[in-house]
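In: just to be clear, the model below is a prediction. Sequence and coordinates:
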Amino acid sequence: MKTKTIKLLAFFFLTSILTIDAQTPQNPEDISPLLIGEKLPEAILLDENGESVNLNEEIAKKNTVLVFYRGGWCPYCNMQLAGLAESEAAILELGYQIIAVSPDDYRNLKPSVEKNKTSYKLYSDADGSFIKNLGIGFTPSEGTTNYIAKKTTGKTTDVLPVPTVLVLNKSGEILFEYISPNYKQRISHELLLAVLKNVQ
């Protein structure tokens, strides 16, 4: 009887693990993101000091360009963050704030701010729960995970976001999205500004 019970418990344990893994794709091409017109789920993130931030409350203050990047270890992400810093004045003039989110441990945010000379907010989703809820997360390869561990401080993520830019109103509704499974391809700042001028 005990053996049967142990086998059943083992079965349910393995099934639950497989179910959890199945929710996070192995490949960036297999993600299922939220669509235009849908609303952002609730999210509590960490700022560069490790303090909790209610993202939805921040978005309620102002229309938002919400950027998801892989981490401060990624050179393509750093180019994007630096480019956004250069475009920030024009974006603010159009009535939008910029918020950038990554699965970096919060201790890696300040170096990213300093390196890319950003004045907009960077937040940490270190456990990847928000990224997964948005449907833009995938499981990185072991080689990528090892590389990240060497380049970063603190907890190493087990999920990466496909590079994503969402344009949101103050209700958290998605008005526009740019999602690229190819991490080398990011939305141009010219296109982003054109979108912000015309999105309703």
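Out: Done, it's in.

In: contacts, neighbours, all on C-alpha from now
Out: Will do.

In: contact partners for residue 31?
Out: By C-alpha atoms under 8 Å, 6 or more residues apart in numbering, residue 31 lies in contact with 24-25, 135-138.

In: could you do residue 37 as well?
Out: Contacts of residue 37 (C-alpha under 8 Å, 6+ apart): 173-175.

In: ok, of the contacts of residue 31, which come out buried?
Out: Burial by neighbour count, 16 or more other C-alpha atoms under 10 Å: within the contacts of residue 31 this picks out 24-25, 135-138.

In: now those residues in JSON lines, with secondary structure?
Out: What follows is these, written out as JSON lines (DSSP: H, G, I helix; E, B strand; the rest coil):
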{"residue": "24", "secondary structure": "coil"}
{"residue": "25", "secondary structure": "coil"}
{"residue": "135", "secondary structure": "coil"}
{"residue": "136", "secondary structure": "coil"}
{"residue": "137", "secondary structure": "strand"}
{"residue": "138", "secondary structure": "strand"}
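
In: columns distance to residue 73 and pLDDT on top of the contacts of residue 31, output as a markdown table?
Out: Converted to a markdown table, those look like this (distance: C-alpha to C-alpha, whole Å; pLDDT from 0 to 100):
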| residue | distance to residue 73 | pLDDT |
| --- | --- | --- |
| 24 | 22 | 90 |
| 25 | 22 | 93 |
| 135 | 22 | 97 |
| 136 | 19 | 98 |
| 137 | 17 | 98 |
| 138 | 17 | 98 |
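
In: that older thread, list the ones among the contacts of residue 37 that fall in strands.
Out: 174-175 (DSSP state E).

In: so which of the contacts of residue 37 is the most crowded?
Out: residue 174 (20 neighbours; other C-alpha atoms under 10 Å).

In: which pLDDT value goes with the spatially most central residue of the chain?
Out: Geometric centre of the chain, nearest residue: residue 68, 3.6 Å, by C-alpha atoms, centre = their mean. pLDDT recorded at residue 68 is 99.

In: you'd agree it is up against residue 98?
Out: No - applying C-alpha atoms under 8 Å as the test, residue 68 and residue 98 come out as separate, 10.9 Å apart.

In: between the contacts of residue 37, which sits nearest residue 143?
Out: Using C-alpha to C-alpha, residue 174 is the member of the contacts of residue 37 that sits closest to residue 143, with 33.5 Å.

In: got the contact list for the closest residue in space to residue 43 that isn't next to it in sequence?
Out: Among residues not flanking residue 43 along the chain, residue 55 sits closest, at 5.6 Å (C-alpha to C-alpha, 6 or more residues apart in numbering). Neighbour list for residue 55: 42-45 [criterion: C-alpha under 8 Å, 6+ apart].

In: so where do the strands sit in the chain?
Out: Using DSSP E, strands in the chain cover 44-46, 52-54, 63-68, 96-102, 121-124, 137-138, 160-161, 164-168, 174-179.
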